[in-house]
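Asks: Kindly generate the corresponding structure for this input.
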Amino acid sequence: MVVYEGMFILDPTKFSRDPSAAAKQVDDLIAAHGGTVLAARLWDERKLAYPINGHKKGVYWLTYFKMPGGNIAPLERQAAITDLVIRKLILRVDPRLADVLVQHALAGDTSQRRTGTSSPAGT
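Replies: Numbering: from 1, shown residues only. Down below sits the predicted model:
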């Protein structure tokens, strides 16, 4: 199994109504395609550079997950037709960096990112 990083831009209206249900929906989407979520957390809520399907803001949800490589294309297709997901980007993580990135995501504190004391890249 390969480790992937997924950045999902979620509908802020649906996310704000029930954040835990929205997070569970992303986790269930990954699990339905044979993946195992290693870490998932809120990255930030930001204004989009341009409107996407009428949305001017988006909730950025970061996930790290393991999945067989052949299941990525069906996952991307399903995410594209899911109402909650506005956009998605899924990248394969170098195996040498996978553990460090997952630990960093698990240790991340979103309160720092919301107050602007840390850059979005965590540097």
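
Asks: Which SSE is immediately downstream of the lengthiest strand in the chain?
Replies: For the chain, the strand that runs over the most residues, judged by DSSP state E, is strand 36-52. For strand 36-52, the succeeding helix or strand toward the C-terminus, using DSSP states H and E, is strand 55-67.

Asks: Buried ones in that next one, by neighbour count?
Replies: Using 16 or more other C-beta atoms under 10 Å as the test for burial, strand 55-67 gives 55, 58-67. For every residue, glycine as well, the C-beta is placed using N, CA and C.

Asks: need the strands for this structure, in chain order.
Replies: When assigned using DSSP E, the strands of the chain occupy the ranges 2-10, 36-52, 55-67, 85-92.

Asks: picking that back up, could you give me the average pLDDT of the longest strand of the chain?
Replies: In this model, strand 36-52 has an average pLDDT of 92.

Asks: ok now do residue 89, which residues does it touch?
Replies: When contacts are counted by C-beta atoms under 8 Å, 6 or more residues apart in numbering, residue 89 is found next to 6-7.

Asks: quick one: it and residue 60, what's the gap?
Replies: Relative to residue 60, residue 89 is positioned 10 Å away (criterion: C-beta to C-beta, to the nearest Å).

Asks: so what sits against both of those two?
Replies: Residues touching both residue 89 and residue 60 by C-beta under 8 Å, 6+ apart: residue 7.

Asks: ok, back up a step: state the pair within the buried residues of strand 55-67 that is farthest apart.
Replies: Spanning the widest gap among the buried residues of strand 55-67 are 55 and 66, at 29.9 Å by C-beta to C-beta.

Asks: now residue 22: how far from residue 97?
Replies: 27 Å.
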